[in-house]
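1. Build me a structure from this.
(chains A and B)
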Amino acid sequence: MVDIKVLGPGCKRCQTTEEMVKAAAEELGLDASVEKVTDYAEIARYGIASTPGIVIDGKVVHAGGLPKEDDLRRWLKG
Amino acid sequence: MNTLATSFGQLRKSQGSWFAGLAIAIALWFAIYRQLLPFARWLVAQLPIAPGSHLAASVEFFFYDTPKVLMLLALVVFAMGVVRSFFSPGRTRALLAGKREGLGNIAAAHLGIVTPFCSCSAVPLFVGFVSAGVPLGVTFSFLIAAPMVNEVALGLLFALVGWKVALTYLAFGLSVAIVSGWVIGRLHLEHWLEPWVREVRAGEVDLESDHLSWIDRFEAGWEAVKEIVGKVWYWIIAGIAAGALIHGYVPAELLSSIMGADAWWSVPAAVLLGIPMYSNAAGIIPVIEALIGKGAAIGTVLAFMMSVIALSFPEMIILRKVLSMRLIAVFIAVVGSGILAVGFLFNALFS
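-> Predicted coordinates:
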């Protein structure tokens, strides 16, 4: 079970990122739980300076802007 | 069909074709740009409007400025998108962490212009900076400069109104951001942050270093064009329509008596008027162009513009999540007086 968190207060980009993560996980056939984190204090605890951020199994892999499809697949596999 | 698509895909990935395509696009851009004024005149001549009338002046301004501003905007946004791919909030934070006030404020104000972040990132960015040891005043210099010296506004001012006004705007915005941040830092208001902000213990982030090729950077520029032009074009059309009305109908004597350098009260009035107004920086530029063309004083016009962009209610509401009301009041007071001071200064210098 892969634990994925998408960090972001709910702007357009954060929503798009969440959809991209879900689509990529499904495509790879991963058993994943995708959770959206919108609380500012919670987001800040991960130490990122810009949103949207992506956390996979507790590790921050991305911060700021939309992720690239290729990177996303690589992180999910890794 | 498939092979065609693949070879096009490979073409997109080749640096040479990007450079060649860019060169052709820029040549085309200039060729079209030079034809805009004759085309606008021709178009107005086709319409049943008396030549030389107020209406003709307004309509011509509109037909000429709309394609002109949109084309300039696309060029400026592309260039800035490429420049911004060299910076990221994470890298900027690392540069500013532990910097002393003074030099730190100067660096932060400059980095605020080139570091890309979307407005919904303002709160995570603020908390991320403060919890990483960037001093509060330095963080404010960054946060004030970022919206106030808008790179799109700067590029448009440069192209539409001239380099003197553009440089004035740059100097004006940087000084307000540096001095305001420094003053806020001197006041030692850390205890006025919302309690949870002070308590955040951020984890270490260790992102893989992003190695961007030139193709990635050009693509970032193109993405920026699609996103920003797609988002602001109606602001611009509205701004140009307002500018066209001013250009055609508002008498120059009226404007210079209200917004001229002799009317001292016009600067505070412009700042107050700007606070409840919220416009995109790109939309306000055509209005600025028309106002300056009619003899409004440059300090007054720039004060109005900065107040519209930098002191906006939506931004206050976002910042309320991390700042107490008292700190927001200090923020408005310090930035507002900064804008006032520089407005008076430029009216005195340029009149």
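2. CA atoms for contacts and neighbours, from now on please.
-> Will do.
3. Now tell me which helix or strand of chain B has the poorest mean pLDDT.
-> helix B:2-13 (a mean of 59; mean pLDDT, DSSP states H and E).
4. what's the following helix or strand after it?
-> Scanning forward in sequence from helix B:2-13 by DSSP states H and E, the next helix or strand is helix B:15-34.
5. near chain B, which residues of chain A?
-> A:9, A:11, A:40-41, A:43-52, A:60-62, A:64 (CA under 8 Å from any CA of the partner chain).
6. any idea how far B:Ile284 is from B:Ile328?
-> Going from B:Ile328 to B:Ile284 by CA to CA, to the nearest Å gives 25 Å.
7. likewise B:Val176?
-> Between B:Val176 and B:Ile284 the computed distance is 20 Å (CA to CA).
8. Spit out the contact partners of the closest residue to B:Ala97 other than its chain neighbours.
-> Closest residue in space to B:Ala97, ignoring its immediate chain neighbours: B:Val134 at 4.4 Å, by CA to CA, 6 or more residues apart in numbering or on different chains. Counting by CA atoms under 8 Å, 6 or more residues apart in numbering or on different chains, B:Val134 touches B:93, B:96-99.
9. just B:Ala220 next, same as before
-> B:81-82, B:85 are the contacts of B:Ala220 under CA under 8 Å, 6+ apart.
10. secondary structure element for it?
-> Judged by DSSP H and E, B:Ala220 forms part of helix B:214-249.
11. That helix to helix B:15-34, inter-axis angle?
-> Per axes from the mean of the first three to the mean of the last three CA atoms, to 10 degrees, the angle that helix B:214-249 makes with helix B:15-34 is 10 degrees.
12. Next secondary structure after helix B:214-249?
-> Next along from helix B:214-249, by DSSP H and E: helix B:252-259.
13. Extract the CA atoms of that following helix and return them as PDB.
-> Provided in PDB are the C-alpha atoms of helix B:252-259 (Å, rounded to 0.1, in the frame of the first residue of the first chain):
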ATOM      1  CA  ALA B 252      -6.400  66.900 -20.800                       C
ATOM      2  CA  GLU B 253      -7.000  70.100 -18.700                       C
ATOM      3  CA  LEU B 254      -9.400  68.200 -16.400                       C
ATOM      4  CA  LEU B 255      -7.000  65.300 -15.800                       C
ATOM      5  CA  SER B 256      -4.000  67.500 -15.200                       C
ATOM      6  CA  SER B 257      -5.900  69.600 -12.700                       C
ATOM      7  CA  ILE B 258      -7.000  66.400 -10.800                       C
ATOM      8  CA  MET B 259      -4.000  64.200 -11.300                       C
END
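14. what element comes up after that helix heading to the C-terminus?
-> helix B:266-274.
15. Packing partners of that next one?
-> Here helix B:266-274 touches helix B:298-310, helix B:325-350, going by 3 or more CA pairs under 8 Å, 6 or more residues apart in numbering or on different chains; DSSP states H and E.
16. out of those helices, deepest packed?
-> helix B:298-310 (a mean of 27; mean count of other CA atoms under 10 Å in any protein chain shown).
17. nearest residue to B:His54 other than its sequence neighbours?
-> B:Gly248 (4.8 Å).
18. didn't that neighbour look like it was pressed against B:Ser58?
-> Yes - counting by CA atoms under 8 Å, B:Gly248 touches B:Ser58, with 4.5 Å between them.
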